[in-house]
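>>> need coordinates for the below:
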Amino acid sequence: MKRDGLLLLLAVPALVALSGCAPTTTYRYSAFLPAVRPIPWDGQTPLKPATISIEGSLTGSAIAPNLFPQIGDTAVLVPTWTAEGSAMVSVSPRVQLGVRVAYASYDWTQASATGTMPVPNAPASWGFGPELHAAFPLDMRQVVWLGLAGNVLSYDVPYAEWTLASQGPASYATCGPSATSCDGYSLYDTRTENHFVYSLGLYPSINIGPGGEAGHVITVVSMTNGFRNQGFTDQPSNGSTVSSTAPIVIVGAGYGLRYDWLHASALLYHPLTDSSSPVDYTLGFQLTVGVDLETMPAKADRSSD
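Down below sits the predicted model:
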């Protein structure tokens, strides 16, 4: 019996440490934000002008949650999954211009910190904006390529403000997507505001086999802005506490394959964040599939004339 009691005493602190805890503040703010990720692209272009490239991609993002947040720390919801699509037009053999759209369901979210409050009735996250691709060979045999990509996406970001309930334990309720009371707090306000996300990236690649017929190895060095907020605070705010962070660097590597009109790529990446960052991202991955549709007819073969 004594041994069982000792094990129980040791187990309780361990369980508390695993579950984490959050400070009891007068206000808690939360928001549904886009995940940090590189632009889904394999670093190469179709090499034929007036080609329309249509791509779809799926990104998986993971974070290391802040188990013991302090007053002023960030508390947001970010998607585990992000689905994207792009339509690009080749204005030259080396340059593409187009648009990108990104989507994430609220049901796919993960909390950045213990005590992150829900955003009741939050709509899905949508991002939309222009994008640029450019790719240039770095050697005469066109084995090594340097790709450049950039975009700016506009997001409507939903956020919520919660206040500490005066009635104490009577306010506790399940923190579901439609809850108006949660963890001893009462919902005060929910709104939506616009934020922009910019992304810039270098995509060096090396072709495997003649003309890259066996695909190409991709490396990525990207930069994008993240977000922070005052998730736990005793200071009232007139609206959202969401703001952009300094640029976050992302590194990654993967493999791409282009065959006739079809192309596909897979990429592993890691945002360079840590436990001191507003949101600590870990490894992520992207899968992309696309088609290249030539809009200009091939020149007629005059050899038989």
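
>>> what about G211, which SS state?
Counting by DSSP: H, G, I helix; E, B strand; the rest coil, the backbone at G211 sits in helix.

>>> low-confidence ranges, the stretch 51-200 of the chain, go.
The stretch 51-200 of the chain contains residues with pLDDT under 70 at 166-174.

>>> so which residues of it form strands?
With strands called from DSSP state E, counting those that start in this stretch, the stretch 51-200 of the chain shows them at 51-60, 77-79, 81-92, 95-104, 109-111, 125-137, 144-164, 181-182, 185-207.

>>> tell me which of the ones you listed lies nearest to D292.
Nearest to D292, of all those, is strand 51-60, at 5.2 Å by C-beta to C-beta. From N, CA and C alone the C-beta is placed, and that goes for glycine too.

>>> quick one on the thing from earlier: out of the strands of the stretch 51-200 of the chain, deepest packed?
A comparison of those by mean neighbour count, using mean count of other C-beta atoms under 10 Å, puts strand 77-79 on top with a mean of 25.

>>> ok, residues contacting it?
Outside of strand 77-79, the residues within contact range by C-beta atoms under 8 Å, 6 or more residues apart in numbering are 30-36, 61, 63, 104-106, 108-112, 116, 118-119, 125, 279.

>>> how about 6 Å then?
32-33, 35, 104, 108-109, 111 (C-beta atoms under 6 Å, 6 or more residues apart in numbering).

>>> between those, which sits nearest F227?
The closest of the contacts of strand 77-79, once distances to F227 are taken by C-beta to C-beta, is L33, at 5.0 Å.

>>> quick one: the closest one from G215, how far?
Distance, L33 to G215, by C-beta to C-beta, to the nearest Å: 34 Å.

>>> which of those two has more neighbours?
Neighbour count, other C-beta atoms under 10 Å: between L33 and G215, L33 has more, with 28 against 20.

>>> could I get the contacting residues of the more buried one?
L33 makes contacts with 76, 78, 227, as judged by C-beta under 6 Å, 6+ apart.

>>> just curious, which of the residues you listed is nearest to G290?
Closest approach between the contacts of L33 and G290, by C-beta to C-beta: V78, at 25.6 Å.

>>> closest to the centroid, which residue in this structure?
For the chain, the residue nearest the mean C-alpha position is A35 (2.5 Å; C-alpha atoms, centre = their mean).

>>> how about that one: what's its closest non-neighbour residue?
The shortest distance from A35 to any non-neighbouring residue, by C-beta to C-beta, 6 or more residues apart in numbering, is to S61 (3.9 Å).

>>> surely the one you found is in contact with V36?
No - the criterion here is C-beta atoms under 6 Å, and S61 misses it with V36 at 7.3 Å.

>>> nearest to G290, out of the strands of the stretch 51-200 of the chain?
Closest to G290 of the strands of the stretch 51-200 of the chain is strand 51-60 (C-beta to C-beta; 3.4 Å).

>>> neighbouring strands of the closest one in the sheet, and parallel or not?
Strand pairing for strand 51-60, using DSSP bridges, gives strand 81-92 (antiparallel), strand 284-294 (antiparallel).
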